[in-house]
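> just a sequence and a predicted model for now, questions to come.
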Amino acid sequence: MEYIQLLSRLKENGYHYRTYGNQLLNPDLIHARILTDKHQAYAASTLYLTPTDLLPDPAMDNPMILFCFEQPADFHIYENSVFQVVSFDPGISQGELLNFVLECLTEIQQITAGMHILVNALFSGNGLQYLIDTATDLFGNPIYVIDLQYKYLSMSAGIMPENIFFQRRKLHWLYWGKRNPIYFKK
């Protein structure tokens, strides 16, 4: 999932690239590393940035992603590779590409962590209010949950909506009639 999001972010920000090799490869990326000539082991969860002279043999049997920059090369020899090579237009520096990739991966991982926190809150058994308060903390915005009859089911803790129902102290129940609201006092 992270890889597809990363590619779309690259395209949105004006990076032009072409992909060669395994088009079905869609790993969950955790790291980005600069490939060196001494590198021997590759991880599927790591994105490698490399100049063309360090590209591995096309027959290598390791599903990984390589972002290639600097010099042009004959990338068509990688069409049937198990791994994927993404070549960028000339003129992109290694530092610029690495910084952009790291920013994107960090943002994607923060979103993923937030989703995990929300799922944990949902299945914690602490109720709707706990879920709403957790989401409010994550998003930094108040949240209101209303039903189809416009009744408040839950809202962020500490929020008082601008509604006469919530402003009257002795008001305990609200029923929305067909024409006008009907208020019941205790």
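Cool, the structure landed. Numbering: from 1, shown residues only.
> show me the shaky parts of the chain.
Using pLDDT under 70 as the threshold, the predicted model of the chain has low-confidence ranges 1, 70, 159-186.
> 80 instead, please
1-2, 39-40, 69-72, 90, 152, 158-186 (pLDDT under 80).
> grab the longest helix from it for me.
When secondary structure is assigned using DSSP state H, the longest helix within the chain turns out to be helix 94-122.
> buried ones in that one?
97-98, 100-101, 104-105, 108, 121 (16 or more other CB atoms under 10 Å). Heads up, the C-betas are built off the backbone N, CA and C, glycines and all.
> following it, which helix or strand shows up next?
Using DSSP states H and E, the helix or strand that follows helix 94-122 in sequence is helix 128-139.
> and the angle from that next one to helix 94-122?
Between the axes of helix 128-139 and helix 94-122, defined by axes from the mean of the first three to the mean of the last three CA atoms, to 10 degrees, the angle is 170 degrees.
> what's helix 128-139 in contact with?
Applying CB atoms under 8 Å, 6 or more residues apart in numbering, the contact partners of helix 128-139 are 114, 117-118, 121-122, 124, 142-143, 145, 153-157.
> list the contacts of the residue most central in space within the chain.
For the chain, the residue sitting closest to the mean C-alpha position, by CA atoms, centre = their mean, is residue 108 at 3.4 Å. Taking CB under 8 Å, 6+ apart as the contact definition, residue 108 lies against 2, 5-6.
> 10 Å - rerun?
1-3, 5-6, 9, 28-29 (CB atoms under 10 Å, 6 or more residues apart in numbering).
> ok, now residue 72?
Contact criterion CB under 10 Å, 6+ apart gives 52, 87, 89-90 as the residues in contact with residue 72.
> residue 59 contacts residue 21, doesn't it?
No: with contact taken as CB atoms under 10 Å, residue 59 and residue 21 are classed as non-touching, separated by 11.6 Å.
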